[in-house]
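Peer 1: structural data only, the sequence is not supplied:
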């Protein structure tokens, strides 16, 4: 089956030290194979969803002006999603600030609009997502201002743990994140019957 070349593969497409998932995705997006699902756009859509998730965690120090650098991997996901403004809200379960794009707020608002606007559920949800949320922006260097809104709710002082949560990420006080992660692991061991 012949390959139809869509674009010239640049030198930046060369696989560093072997094939990586990112390199393979870039390569596949630059070639069309007639008759395969790659042409349908389904492959591109699936690769976008796979590559545009917030994963892992990192801890960064707050600078003397109260700013913290958002990890490059998280900034990359924000850029892929074309997020210009960050919706930040006080998490419903953990002492963390959850951060996503406006689409995250819109998802919550759809849930509220499905309820009777005078119901206790709708009012409680609005209180949490509107009353406990703000919009923020990164500066030109990819830094976020660590405001009192963030510090007061999380206990963050001089370092921020960035924690991926698939469609959004969270800002944690590092020791609180480690404790919550250990507790979650312990709970999973108990639930799974493992020691």
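Peer 2: Received it, and whenever you're ready, just let me know what you need. The model shown is predicted, which means the values in this text are computed figures rather than measured ones. Numbering: from 1, shown residues only.
Peer 1: the longest helix anywhere in the chain: which residues count as buried?
Peer 2: Counting by DSSP state H, the longest helix found in the chain is helix 174-192. Taking 16 or more other C-beta atoms under 10 Å as the neighbour-count basis, helix 174-192 is seen to contain the buried residues 174, 176-177, 180. Placement of C-beta: from N, CA and C, glycine included.
Peer 1: and those, which is closest to residue 76?
Peer 2: Distance ranking of those against residue 76, using C-beta to C-beta, places residue 177 first at 21.4 Å.
Peer 1: my read: that closest one touches residue 159, true?
Peer 2: No. Proximity of residue 177 to residue 159 does not meet the contact threshold set by C-beta atoms under 8 Å, at 10.4 Å.
Peer 1: which outside residues touch stretch 61-79?
Peer 2: 52-56, 58, 60, 86, 101, 138-139, 141-147, 156-160, 162, 164, 169 (C-beta atoms under 8 Å, 6 or more residues apart in numbering).
Peer 1: if you count neighbours, what's buried in it?
Peer 2: By neighbour count on 16+ other C-beta under 10 Å, the buried set for stretch 61-79 is 62, 67-71, 74-75, 77-78.
Peer 1: now swap in stretch 95-110 and tell me
Peer 2: With the criterion 16+ other C-beta under 10 Å, stretch 95-110 contains buried residues 95-101, 104-105, 108.
Peer 1: contacts for it, please.
Peer 2: 78, 81, 83, 85-91, 125, 129, 133, 136, 149-150, 153-155, 163, 165, 167-173, 176-177.
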